[in-house]
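>>> Attaching a predicted model along with its sequence, questions to come.
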Amino acid sequence: MTEPSEVIDAELVEADLLPAITSGDAEATLARPLADRHTILVPGEPLPTEAEQPTYTERDLYVSKATAERLKNKSKPKNTSRTYDNQRDLFRRWCEQQGRVHRPCTTATYVEYVAHLIDDGRAPNAISVAMSAIRTWMPDDKKPGTQEARGMLNEYRKEWNKRVGVKKAPAITDDMIRAMVATCDPNHPIGIRDRAVLLLGRGALNRRSELADLTIGNVTVETDGVALWFTSSKTDQEAKGEETFIPAWDDPEVDPVHATRAWLDVLHQLDVHEGAFLRALTREGRLQSRIRATDRGEHVTGDAINDWVRARAKHAGITGWEKITAHGLRRGGAQAIADAGGDPTGQGRWATGSAVVKREYLDRASNRRDNPWLKLARPGKEEAQ
């Protein structure tokens, strides 16, 4: 049996690091190798050690107040940040109830929470958002594993789709857009604004959040169309920006040029010459007070645009108007372009070769044009073509 005096003190080391030097000498400790299985050395290059590393002070760790404010809003849009903050708070409270550490959490805790959300009947997409919010909250070197959680979610998504189905906002067709535009009073600021929203939303095919972020400076009216400059989007987190051009239409009722000019004239009359392009208005057509507004200031929200579009669908007497959203402008416009043989990715800031566009619009249009029953159902029409 080994005597206590013969026991050598040992220390735990990271699995990937080389064994620590066991000498009690201070200089030897400073010479501890800093290498792991990813280290690459060229011939003649010495093994890096702790002694060669810089000594950090508090000065190297703190950031200024201005930088701290920027970090609060880094990467994620404000709406996404609020969603992530809420999901993280829910996770923290659940962990407290379960007696688990919430940050940094273990993979087991992460997996158990995902299982809890599944058992609670949450929508798969909502669970995916929660998973992303939690994982990105963890330190870079202590993020939980995702393989098990993703596997559970994928199986649950299959069950969900069989039971609930995939719900999509109805596409706003050409006939629907004309009926909705017809409800817009051309002599009232609200009617003029809503008409511009409908025609620009359908023409640009951009997301409602991107329309809400437009400024007057982002809008250029030309004789042959309207150019919109979108500074950032869901697919452009680096805010490189991109222009979307909407051509003029011969029919003045659905001409985006005429609609945009009319709305800019209203803004001019309201003494608005810069800032947010789309504004909240009172019933009388005056600017709505934004004293109690959200952190978006004079900019409306994407939800507000949803409400405007849905209200127009209701006024137009469209069946199922309560399911209509601003996304229907994007879907309807994209489908119209695909049905005409075009590619919707030319608008709307979809990625080139987008799988969503191919599956939802191009393939659908192709399948309908090439349907083998058409020769039997419309023989005369097919031969004429």
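Everything's here; your move.

>>> show me what contacts the nearest residue to residue 90 once chain neighbours are set aside?
Closest residue to residue 90 apart from its sequence neighbours, by Cβ to Cβ, 6 or more residues apart in numbering: residue 130 at 7.4 Å. Quick note: C-beta positions are derived from backbone N, CA and C, even for glycine. Neighbouring residues of residue 130 by Cβ atoms under 8 Å, 6 or more residues apart in numbering: 87, 90-91, 113-114, 117, 122.

>>> SS state for residue 130?
Taking DSSP: H, G, I helix; E, B strand; the rest coil as the rule, one finds residue 130 in the helix state.

>>> Relative to residue 151, how far out is it?
With the distance defined as Cβ to Cβ, to the nearest Å, residue 130 ends up 16 Å from residue 151.

>>> my guess is residue 106 contacts residue 145, does it?
No. Here residue 106 does not reach residue 145: they are 9.3 Å apart, not a contact under Cβ atoms under 8 Å.

>>> from the contacts of residue 130, which is closest to residue 257?
Minimum distance to residue 257 across the contacts of residue 130 is 42.7 Å, recorded for residue 87 (Cβ to Cβ).

>>> can you confirm the closest one is in a strand?
No. Read with three-state DSSP, residue 87 is helix and lies in no strand.

>>> and it, what is it in contact with?
With contact taken as Cβ under 8 Å, 6+ apart, residue 87 is in contact with 129-130, 133-134.

>>> Helices of the stretch 51-200 of the chain, start to end?
According to DSSP state H, counting those that start in this stretch, the stretch 51-200 of the chain carries its helices in the segments 65-72, 78-98, 107-119, 124-137, 147-163, 174-182, 189-204.

>>> Indicate which one of those is closest to residue 356.
helix 124-137 (14.0 Å).

>>> Kindly provide the distance from the nearest residue to residue 110 once chain neighbours are set aside to residue 101.
Spatial nearest neighbour of residue 110, excluding adjacent residues (Cβ to Cβ, 6+ apart): residue 144 at 3.7 Å. Taking Cβ to Cβ as the measure, residue 144 falls 11 Å from residue 101.

>>> Between these two, point out the one with more neighbours.
Applying other Cβ atoms under 10 Å to residue 144 and residue 101 shows that residue 144 carries more neighbours, namely 20 against 11.

>>> residue contacts, the more buried one?
Going by Cβ under 8 Å, 6+ apart, the list of residues near residue 144 reads 104-107, 109-111, 134-135, 138.

>>> Over to residue 101?
95, 109.

>>> from what I can see residue 343 touches residue 337, true?
Yes. Here residue 343 reaches residue 337: they are 7.2 Å apart, a contact under Cβ under 8 Å.

>>> rewinding a little: Serialize the contacts of residue 87 to JSON lines and add fields for distance to residue 321 and pLDDT.
As requested, these are exported to JSON lines (distance: Cβ to Cβ, whole Å; pLDDT from 0 to 100):
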{"residue": "129", "distance to residue 321": "28", "pLDDT": "93"}
{"residue": "130", "distance to residue 321": "31", "pLDDT": "94"}
{"residue": "133", "distance to residue 321": "33", "pLDDT": "93"}
{"residue": "134", "distance to residue 321": "37", "pLDDT": "95"}
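
>>> most neighbours, which of these?
Per-residue neighbour counts (other Cβ under 10 Å) across those peak at residue 134, which has 26 neighbours.

>>> Run a quick neighbour tally on the nearest residue to residue 204 once chain neighbours are set aside.
In space, and not counting its chain neighbours, residue 204 is closest to residue 244: 4.7 Å by Cβ to Cβ, 6+ apart. Residue 244 is flanked by 19 other residues according to other Cβ under 10 Å.

>>> Cool, thanks, signing off.
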